[in-house]
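Enquirer: build me a model:
(one chain, ligands or ions: 1)
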Amino acid sequence: MSELRIGAHVDQTDPIAEAAARNAPLVQFFLGNPQSYKGPVLAYDGGPAALRAAAEAAGVDLYVHAPYLINVATTNNRQRIPSRKLLQQHMDAAAELGAKGLIVHGGHVTDDDDPAKGFDNWRKAIEATDIKVPLLIENTAGGTNAMTRYLERIKGTWDAIASAEGADMVGFCLDTCHAHAGGNALETIVEDIRAITGRIDLVHANDSRDAFDSGADRHANFGAGQIDPDLLAQVVRDAGAPVVCETPGGAAEHAADFAWLRERL
Ligand SMILES: [Zn+2]
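Expert: Residues are numbered from 1 along each chain as shown. Here you go, the predicted structure:
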């Protein structure tokens, strides 16, 4: 049996109740619509102070997932500028409710762009952001010219942000579905990532409905997808970081996923 802390991505209305329903020591949730440029909205009754107090009382760690459409790497000003603003807004909101981390996707540049521009935009975004809780950059499954799909790009991004003020508050979130569907060998992904970033702060443990290197981002419950069960468990075990299951379903399905995972750790 492992002492790894395992939780899930849950509905944002009452994350503490969701944690209790799963007997989970941590939960992740969105603040508002993840597909919108509108600023963060906290659905919890009583506001951020009440959520923070309830989380502390329950011993539940909170993680906030930033909106999907944040793309601080892009060369398109009309996306990059609002992305930076949205990132800061979510950072402020995450800090207010005492979150342990804010998760954001690596983003991408367009097909014609030199990826180096995206790396440098990441550096500028880190410089420009007042980082109050750990900012965890997540690997992505697809996207042409993505910043965090392949290892070489993750390295480029990391090398660029290393010189930025605040880089010590930037960590890594490893998503198993994205790594598999993105075309990275799960056999070595933990050591490959650590060689680049020096750290893995959080694992998004998900099976994948799609094949290796398909570029598709469709999560599946454990054992229902195309990732070898032993390999999935190995990644979670070797990473040794808190685990968020972003698998389909509600409390019952998540409890089954937790049990599936614990059996193999
Ligand atoms: Zn994820």
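
Enquirer: how about the nearest residue to G106, chain neighbours excluded?
Expert: Spatially, and ignoring its direct neighbours in sequence, G106 is nearest to T148 (2.8 Å; Cβ to Cβ, 6 or more residues apart in numbering). No exception for glycine: its C-beta is placed from N, CA and C like everyone else's.

Enquirer: for the protein, give me the ranges with low pLDDT.
Expert: Across the chain, the ranges flagged by pLDDT under 70 are 1-2.

Enquirer: which residue does it have closest to the ion?
Expert: For the chain, the residue closest to the ion is H204, as judged by Cβ to the ion, at 3.4 Å.

Enquirer: quick one: distance of the longest helix along the chain to the chain centre.
Expert: Looking across the chain with DSSP state H, the single longest helix is helix 77-96. Put simply, helix 77-96 sits 16 Å off its chain's centre (Cα atoms, centre = their mean, to the nearest Å).

Enquirer: in that helix, what's buried?
Expert: By 16 or more other Cβ atoms under 10 Å, the buried positions in helix 77-96 come out as 79-80, 83-84, 86-96.

Enquirer: try stretch 118-127
Expert: Of the residues in stretch 118-127, 118-126 count as buried by neighbour count, 16+ other Cβ under 10 Å.

Enquirer: repeat for stretch 123-139
Expert: Buried positions in stretch 123-139, judged by neighbour count with 16+ other Cβ under 10 Å: 123-126, 129, 131-139.

Enquirer: quote the end-to-end distance of it.
Expert: The straight-line separation of the ends of stretch 123-139 (Cα to Cα, to the nearest Å) is 17 Å.

Enquirer: about what we covered before: need the max-distance pair from the buried residues of stretch 118-127.
Expert: G118 and I126 (13.0 Å; Cβ to Cβ).

Enquirer: what does this structure put close to the ion?
Expert: Applying Cβ under 5 Å from the ion, we find that the chain lies next to the ion at 175, 204.

Enquirer: could you pull out the strands for the chain?
Expert: 6-9, 26-29, 61-65, 101-105, 135-138, 170-175, 202-205, 207-208, 219-220, 243-245 (DSSP state E).

Enquirer: so V236 touches L261, yeah?
Expert: Yes - proximity of V236 to L261 meets the contact threshold set by Cβ atoms under 8 Å, at 6.4 Å.

Enquirer: now do the shared contacts for the two.
Expert: Common neighbours of V236 and L261, using Cβ atoms under 8 Å, 6 or more residues apart in numbering, are 205, 243.

Enquirer: so what's the residue lying closest to G59 once chain neighbours are set aside up against?
Expert: With Cβ to Cβ, 6+ apart as the criterion, G59 has its nearest non-adjacent residue at 6.5 Å, and that residue is P25. Neighbouring residues of P25 by Cβ under 8 Å, 6+ apart: 5-7, 19, 59-61.

Enquirer: tell me the residue furthest from the middle of the chain?
Expert: Ranked by distance from the centre of the chain (Cα atoms, centre = their mean), the top residue is D112, with 27.0 Å.

Enquirer: phi first, then psi, for it.
Expert: When read as degrees, to the nearest 10, the backbone of D112 gives phi -80, psi -10.

Enquirer: distance-wise, check it relative to N145.
Expert: 9 Å (Cβ to Cβ, to the nearest Å).

Enquirer: what are the ranges of the helices in the stretch 151-265 of the chain?
Expert: Along the stretch 151-265 of the chain, counting by DSSP state H, counting those that start in this stretch, helices occupy 151-161, 176-181, 189-197, 229-239, 251-264.

Enquirer: out of these, deepest packed?
Expert: Among the helices of the stretch 151-265 of the chain, ranked by average contacts under mean count of other Cβ atoms under 10 Å, first place goes to helix 176-181 (a mean of 28).

Enquirer: report all helices and strands that that one contacts.
Expert: If contacts are counted by 3 or more Cβ pairs under 8 Å, 6 or more residues apart in numbering; DSSP states H and E, helix 176-181 sits against strand 202-205, strand 207-208, helix 229-239.
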